[in-house]
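In: got a sequence here, can you build the structure:
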Amino acid sequence: MFLQTLITGLSIGGIYALMAVGYSLVFSVLNFSNFAHGAVIMLGAYVGLALATKFSLGLGLVIAGSVVGAGIIAVLNERLAYSSLRRRKAPSLYLMISAMGCAVFLENMVYATIGSRFYAFPEFFGRQIINLRGSSVSLLDMGAFLFALAAILGLHLFIGRTRTGIAIRAGVSDMTMCSLMGVDLDRLIAIVFLLAGAFAGVAGVFLGIKYLVYPTMGWVTNKAYIAAVIGGLGSLPGALAGGLILGVVETFVSTYVSSVLRDVFSFTLLIAFLVLRPNGLLGRDGEEKV
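Out: Next up, the predicted model:
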């Protein structure tokens, strides 16, 4: 029972980590919390659902299509809602307000065009169970956890070992100096949002497979924001650590205490970190945390 609960928690934590990476990427470069990220995850789930049901594609192609679709949506979101504010050097608060407006707009656009029904993905994994030391573990949970680890490791290598990744790290340190060195900031920020959207697409597909697809599913990113704060906003390893910690804590609380108290523990953990360790486990000191 313990091992089964642990792997289920790691699976949920892996999905939280995929979502938290998007928050951390945008925050690290632009120093604001992109609250429209949840809407991008929701739209990525709908893209994946359409590919799975209308075209009967396999899981790999569904994830790939959702990555592309959510990435494009995230870039368009930045171009239409944030770029003009960014060029005018508007305060971070203005960007956050714009992000909240985008989230409400996209959610209501789905209500108006697709409707409020709940949709289910095809059972890609069926009801396949893996037996580990007497515990029954869902293949979906195991697959989601391993895929999240592989995706975040790939991003970490991309950021650390490619010219574009080095440019992103330079932009995190000093955007002005990065621009003076000849880096196209608009292109750089577009790549950051493309990466954040790609991870949103993956998270949306796994959320839809594990639960359901519906217009307000993006609000689950409140948990991803908690994970990003626990790990340290702006830190990719922190996003992974925070997501896994939160997923495991929630699952053990639901199993051994009460599912009703799960969210109470989650937000209590958030408050504790904000009071005792506001930079998170792996976050760096900064002048402003929004």
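
In: tell me where the stretch 101-250 of the chain has strands.
Out: Using DSSP state E, counting those that start in this stretch, the strands of the stretch 101-250 of the chain run over residues 129-132, 135-138.

In: deepest of those strands, which one?
Out: When you average the neighbours per residue for each of those (mean count of other CB atoms under 10 Å), strand 135-138 leads with a mean of 16. (C-beta placed from N, C-alpha, C; glycine too.)

In: send the alpha carbons of it over as PDB?
Out: Extracted in PDB, the C-alpha atoms of strand 135-138 (Å, rounded to 0.1, in the frame of the first residue of the first chain):
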ATOM      1  CA  SER A 135       1.700  -3.400  -4.700                       C
ATOM      2  CA  SER A 136      -0.500  -2.800  -7.800                       C
ATOM      3  CA  VAL A 137       0.700   0.300  -9.700                       C
ATOM      4  CA  SER A 138      -1.100   1.800 -12.700                       C
END
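
In: I'd say Gly238 and Ile245 touch.
Out: No. Between Gly238 and Ile245 there is no contact under CB atoms under 8 Å: 10.2 Å.

In: which one, of the strands of the stretch 101-250 of the chain, ends up nearest to Gly38?
Out: strand 135-138 (24.9 Å; CB to CB).

In: picking up where we left off before, the more surrounded of Gly238 and Ile245?
Out: Each of Gly238 and Ile245 has its neighbours counted (other CB atoms under 10 Å); Gly238 has more, 26 against 20.

In: list the contacts of the more buried one.
Out: 24, 228, 230-232, 280-283 (CB atoms under 8 Å, 6 or more residues apart in numbering).

In: still on that earlier bit, quick one, which of the strands of the stretch 101-250 of the chain gets closest to Ala144.
Out: Per CB to CB, nearest to Ala144 of the strands of the stretch 101-250 of the chain: strand 135-138, 9.1 Å.

In: show me the helices in this protein, by range?
Out: In the chain, the segments counted as helices under DSSP state H are 2-30, 37-54, 59-77, 83-87, 92-113, 139-161, 163-173, 175-180, 185-210, 221-231, 236-256, 262-276.

In: pLDDT at Pro116, what is it?
Out: Careful, residue 116 is Ser; it's not Pro. Note for Ser116: predicted pLDDT of 91.
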